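# Pasting the sequence and the predicted model now:
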Amino acid sequence: MKSLENLLKILNCNDIVLMDMDILIRLGELTLKSRRSRRRFMNRLIDNIRDALTSNGYKEYEIVNMWSRILVKVDGDDKIFNVLRRVFGIVGFMEVVTRDFDDLNDIVSMGVEIYRDIIRNKVFAVKAKREGKHSFRSIDVNRELGKALTPYAKGVDLKNPDIWVKLEIRGNKVFYYLREFKAYGGLPIGTDGRIISLVSGGFDSAVASWYALKRGAEVHYFHAQLASEEYLKKVLRVVSILAKNWSYGYRPKMYVADYRPLAAMIRDRIRRDYRIVILKRFMYRGGEYIADLLKADSLVTGEVLGQVSSQTLRNLKVSQEAIKIPVNRPLFGLDKDDIMKIAMEIGTYESSKVVEEVCALVERFPVLRASSKVVEEEESKLDFRVFEESLDNIRVYDLRDLEYDLKPIEDYPIEYDEIPDNAVLIDVRPSNEYIESHIPGSINIPQEELSEYIEDYRDRPIIIICRAGVLSKYIAYILRRKGYKAYYLVGGFERFRRRY
C-alpha cells in the first residue's frame with residue numbers, strides 16, 4: 001500500500017498536512033437501541049472517545065456524530081489506532097480518505113486516483129455501501145469503479161480477491177477505505193451504572209473487571225490487603241493498566257482496607273476448615289460497604305466454579321449470604337487457559353503473574369460444602385469492631401493519576417542448602433501448623449509475636465519461614481531495615497516439604 005504521503009500527492013490535496021487522519025468508526029449493538037437510548041449511548045461514546053484522545057496526548061481533533069457512524073478527524077499517527085480499539089462501544093474503524101462528490105462520475109474518478117497504485121499486480125473486487133438518496137445504486141458503484149480500475153490490476157475476483165476496494169457513500173460524502181481495524185465492541189462505559197470489583201491482583205479478578213467494563217459499567221475496585229505494601233503496589237500496577245488503557249470516560253478508584261488484623265483474628269479464633277469461607281464473607285462485606293458509598297448496583301468477582309475450594313457452589317452460596325447486593329461472576333464457566341489468554345490480550349498478564357498467592361489463610365483441607373449454621377456459630381467468635389476499623393481507615397487511590405514507586409523491595413532470598421550453620425530458622429506460621437510439621441531445627445514464633453522475641457537473635461543470621469515465601473519475604477525486608485541480617489526461605493515451608 002502506498003504511504004499516506006503518496007496518496008495525498010496523487011490526490012493533489014495541498015490543504016491537508018501529512019499527519020491529518022480521518023477515521024470512520026463502526027458502532028456495535030448500540031445501533032439496536034431505541035432512538036432515545038441510542039442518542040444517550042452515542043453521546044456517552046463520543047465523550048469517551050474524547051477522553052481517550054485527550055488522555056493519550058491528542059490535542060487537535062474533531063468528532064462528528066453521523067448517527068450510524070462516528071467520524072474522527074485528528075492530527076495523529078498510527079498509535080491512535082491502538083487507543084481507539086480500546087474504547088468500548090466501537091466494533092471497528094477504518095482509516096479513510098473523505099471527499100465530497102456531485103455524481104457517480106466523481107466517485108469513480110477519485111476512486112481511481114486513490115486505488116490504482118494500491119491494486120497494481122493484484123486481483124481485486126469493489127464493495128460499496130450507501131446510505132441516503134442518490135441517483136445510483138451500490139451495485140452501480142461496484143460495477144463502474146471496478147470497470148475503471150481493471151486496467152491497473154492483475155484481475156478481478158468477486159469471491160476471493162487479493163484486495164478489497166471498499167468505500168462508503170453517505171449523503172454527499174464518500175469515504176474511501178485505506179486500512180481497517182477491529183475493536184472490542186461492547187457498550188460505552190458509563191451507560192449501565194457502577195460496579196465494585198473485588199480484586200486480588202491475580203489473573204481472574206483483572207479479567208472479570210475487564211468484562212464488566214466492556215459491558216458499559218463504571219468499575220471501581222476494592223482490595224482487602226492481606227500482605228505487605230510491596231504486594232499492594234503489585235495489585236495497583238494491575239488495576240492501573242485497566243484504568244489507564246481501558247477505562248475512558250470516568251475516574252476509576254481503588255479502595256484498600258487493611259484486613260491483616262482481621263485475618264490474624266480469623267486464624268486465631270476460627271476452626272481451620274472454615275477460615276477461607278469466613279474471610280471471603282468479609283471480603284464481600286467490604287465490597288458491599290464501598291458499593292453503598294458509591295451507590296453501585298453490584299459486585300463483580302473473578303470467581304470460577306470449582307477452581308479452588310472456596311468456589312464450590314455451596315461455598316459461594318454461603319459466602320454470598322453475608323450480603324444483600326448481587327454478585328456477578330463473568331468468568332464462572334471459563335477454564336484457566338481461557339482466562340490467561342484474555343489476560344495476555346488485555347495487557348494484565350505480565351503484571352498479574354508476579355502477584356503471588358498470599359499465604360495468610362491458605363489451608364490444606366478447607367471445607368467444600370460449608371454450613372450456614374456453622375458459619376454463623378464461628379463468626380460469633382469474632383470481634384466485628386476489627387472489621388469496622390479496617391473500613392474506617394480505607395485508603396483511596398485515583399488510578400488514572402496514580403504515580404507510585406514500582407521498584408521492587410530489596411530481595412534477600414536463600415535456599416535451604418545455603419543456610420549457614422549459625423543461622424536461626426524462625427517459622428512464623430501459626431503454632432498448630434508448626435506442630436503438625438516443620439523444618440528440623442526451626443523455632444516457632446508466630447508473626448504477631450515476632451517483635452517480642454527477635455532482639456535475642458540480632459547477632460545471628462535469621463531465616464524467616466512462612467507457608468509459601470510471600471509473607472516471609474516482607475518480614476525479612478522489614479528486619480533488614482532494622483539492622484538484622486535476615487533472609488527468607490525461597491518457596492517457604494511448602495517448597496521445603498516437596499523437596500526434602
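Yes, it's here. Numbers count the residues shown, from 1 in each chain.
# these two touch, right, residue 28 and residue 186?
Yes - counting by C-beta atoms under 8 Å, residue 28 does reach residue 186; the two are 6.8 Å apart. Using the backbone N, CA and C atoms, a C-beta is placed for each residue, glycine as well.
# Which residues are in contact with each of those two?
Shared contacts of residue 28 and residue 186 (C-beta atoms under 8 Å, 6 or more residues apart in numbering): residue 89.
# Domain-wise, how is this protein divided?
According to automatic domain parsing, the chain is divided into the following domains: 4-185, 194-398, 413-499.
# Quick check: end-to-end length of the second one?
What that stands for is domain 194-398. Start-to-end span of domain 194-398 (C-alpha to C-alpha, to the nearest Å) is 16 Å.
# what's the offset of that domain from the middle of its chain?
Mean-position distance between domain 194-398 and its chain equals 15 Å (C-alpha atoms, centre = their mean, to the nearest Å).
# go on, stretch 415-427?
Average the C-alpha atoms of stretch 415-427, do the same for its chain, and the two points are 40 Å apart (C-alpha atoms, centre = their mean).
# List the buried residues for that stretch?
By 16 or more other C-beta atoms under 10 Å, the buried positions in stretch 415-427 come out as 416, 419, 423, 424, 425, 426, 427.
# swap in stretch 108-117?
Neighbour counts over stretch 108-117 (16+ other C-beta under 10 Å) mark 108, 110, 111, 112, 113, 114, 115, 116 as buried.
# Looking at the buried residues of stretch 415-427, spot the one nearest residue 367.
Using C-beta to C-beta, residue 427 comes nearest to residue 367 of these, at 25.4 Å.
# Could you measure from the closest one over to residue 95?
62 Å (C-beta to C-beta, to the nearest Å).
# do the same with residue 235
38 Å.
# Looking at these two, which one has more neighbours?
Between residue 235 and residue 95, counted using other C-beta atoms under 10 Å, residue 235 has the larger neighbour count: 25 against 19.
# what's the helix or strand for the more buried one?
helix 229-246 (DSSP states H and E).
# So which elements touch that helix?
Counting contacts by 3 or more C-beta pairs under 8 Å, 6 or more residues apart in numbering; DSSP states H and E, helix 229-246 packs against helix 203-214, strand 218-225, strand 253-258, helix 336-346, helix 349-352, helix 471-481.
# Strands along the stretch 51-200 of the chain, start to end?
Assigned by DSSP state E, counting those that start in this stretch, the strands in the stretch 51-200 of the chain fall at 61-65, 69-75, 90-100, 123-131, 155-156, 163-170, 173-185, 194-198.
# for the stretch 251-400 of the chain, that is, sorry about that
253-258, 299-300, 327-328, 395-398.
# Please identify the deepest-packed of these.
Neighbour counts (mean count of other C-beta atoms under 10 Å) averaged over each of these peak at strand 299-300, with a mean of 26.
# what's next to that strand, contact-wise?
For strand 299-300, using C-beta under 8 Å, 6+ apart, the contacting residues are 195-198, 208-209, 211-212, 217, 219, 284, 287-288, 291, 323, 325-330.
# try stretch 430-449
For stretch 430-449, the external contacting residues (C-beta under 8 Å, 6+ apart) are 264, 267-268, 272, 416, 424-429, 453-454, 465-467, 471, 475, 493, 496-497.
# thinking again about what came up before, in helices, which of the buried residues of stretch 108-117 fall?
When the buried residues of stretch 108-117 are checked against helices (DSSP state H), the matches are 108, 110, 111, 112, 113, 114, 115.
# Tell me the one among these nearest to residue 122.
Distance to residue 122, by C-beta to C-beta, is smallest for residue 115 among these, at 10.1 Å.
# which residues does that closest one contact?
124, 149, 152, 165, 176.
# And residue 197, by the same measure?
Per C-beta under 8 Å, 6+ apart, neighbours of residue 197: 205, 208, 209, 212, 219, 220, 221, 222, 299, 300, 301.
# number of nearby residues for the first one?
Read it as residue 205. Residue 205: 26 surrounding residues under other C-beta under 10 Å.
# gap between the two ends of stretch 25-34?
OK, stretch 25-34 end separation, C-alpha to C-alpha: 20 Å.
# Please enumerate residues in contact with that stretch?
Taking C-beta under 8 Å, 6+ apart as the rule, stretch 25-34 contacts 38, 41-42, 45, 49, 68-72, 84, 89-94, 185-188, 191.
# try stretch 479-486
Outside stretch 479-486, the residues within contact range by C-beta under 8 Å, 6+ apart are 410, 412, 454, 457, 458, 460, 461, 462, 463, 464, 475, 476.
# For it, buried residues please.
479, 480, 484, 485, 486.
# Turn those residues into a markdown table, columns for pLDDT.
Shown next, in a markdown table, are the buried residues of stretch 479-486 (pLDDT from 0 to 100):
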| residue | pLDDT |
| --- | --- |
| 479 | 89 |
| 480 | 87 |
| 484 | 92 |
| 485 | 93 |
| 486 | 93 |
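# and which of the residues you listed is nearest to residue 76?
When the buried residues of stretch 479-486 are compared for distance to residue 76 (C-beta to C-beta), residue 480 wins out at 48.4 Å.
# what about the closest one, distance to residue 226?
Residue 480 sits 22 Å away from residue 226, going by C-beta to C-beta.
# again, but for residue 430
Separation of residue 430 from residue 226 (C-beta to C-beta): 14 Å.
# And the two? Which one has more around it.
Applying other C-beta under 10 Å to residue 430 and residue 226 shows that residue 226 carries more neighbours, namely 22 against 19.
# Might one say that the more buried one is in contact with residue 263?
Yes - using C-beta under 8 Å, residue 226 is in contact with residue 263, at 5.5 Å.
# Out of the contacts of stretch 479-486, grab the one that's most surrounded.
Counting neighbours by other C-beta under 10 Å, residue 464 leads the contacts of stretch 479-486 with 31 neighbours.
# I figured it was touching residue 477, is that so?
No - with contact defined as C-beta under 8 Å, residue 464 does not count as touching residue 477 (9.7 Å).
# List the buried residues of stretch 167-187.
167-170, 174-178, 181, 183-187.
# again, but for stretch 225-239
225-228, 230-239.
# Provide the contact partners of stretch 105-113 at residue level.
Stretch 105-113 is touched from outside by 10-11, 99, 101, 141, 144-145, 148-149, 152, 165, 167, 169, 174, 176, with contacts defined as C-beta under 8 Å, 6+ apart.
# so, if you compare these, which one comes nearest to residue 256?
Distances from residue 256 to the contacts of stretch 105-113, taken by C-beta to C-beta, are shortest for residue 176, at 51.0 Å.
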